[in-house]
Structure formats: C-alpha cells, structure tokens
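Q: just coords:
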C-alpha cells in the first residue's frame, strides 16, 4: 500500500478502507476499521492509543425508527379502547394531513 501524504477526508477514508483492506496509512497516522469502513479509528505509528474518527450511525438510527414505529402501533391499538387517546390521535392525524398537503 502506498502511503498518502495529505490528511484524508472522511469520504476518502470510506473509499480507502474496506472489508478487504481495513488499514490506510496517511503520513505518520494509521487509520483502521474493524467493520469495513463504517467505524474508523486513527493512531500514530508505534502507538496503540487510537481516536474515533468516523462512526456510521445508520444502524442506531434504524433501531430508533423501528422502536418508534412499534410504539406508534401500540398507541393506535390502545386508542381503540381509550377515548382520550383516540381524540389526541385524531388531532395528530389532522395536523399530519395539513402538513402533508402543504408539502405536496
């Protein structure tokens, strides 16, 4: 591997570090990734101390969205038997339709 002489951008690191090539050397800095470029650490040559440079939050964001969807599904089910919750859900749907129509 040929060392790069300038500080790489996060995008450049993403293209340099892959599952088949988990290390990139830039000057005196070594960039390593345990997961094919989603998470990238930097350390100086000869040191084991590393610093987080990049972390792909896509997995965590997806987990949060799925958990929220699950809660909303439970709210809709509960609203069938709790009138106050159903009233609030109907108001929320009205707001959603207004915003949606403005953005269409």
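A: Here it is on my side, so go on. Keep in mind that this is a model prediction, so the values were computed, not measured.
Q: can we go C-alpha only for contacts and neighbour counts from here?
A: Fine.
Q: mind giving me the domain split of this protein?
A: Annotated domains of the chain cover 10-56, 59-103 [automatic domain parsing].
Q: Could you tell me the least trusted of those?
A: Note on these: domain 10-56 shows the lowest mean pLDDT, a mean of 74.
Q: pretty sure residue 53 contacts residue 40?
A: Yes. Contact criterion C-alpha atoms under 8 Å: residue 53 and residue 40 qualify, at 5.4 Å.
Q: And the two? Which one has more around it.
A: residue 40 (24 against 15; other C-alpha atoms under 10 Å).
Q: Residue 30: how many residues sit nearby?
A: 18.
Q: Quick one: residues contacting residue 40.
A: Contact analysis of residue 40 by C-alpha atoms under 8 Å, 6 or more residues apart in numbering lists 31-34, 52-55.
Q: returning to that earlier point: most packed of the domains of the chain?
A: Mean neighbour count (mean count of other C-alpha atoms under 10 Å) peaks for domain 10-56 among those, with a mean of 16.
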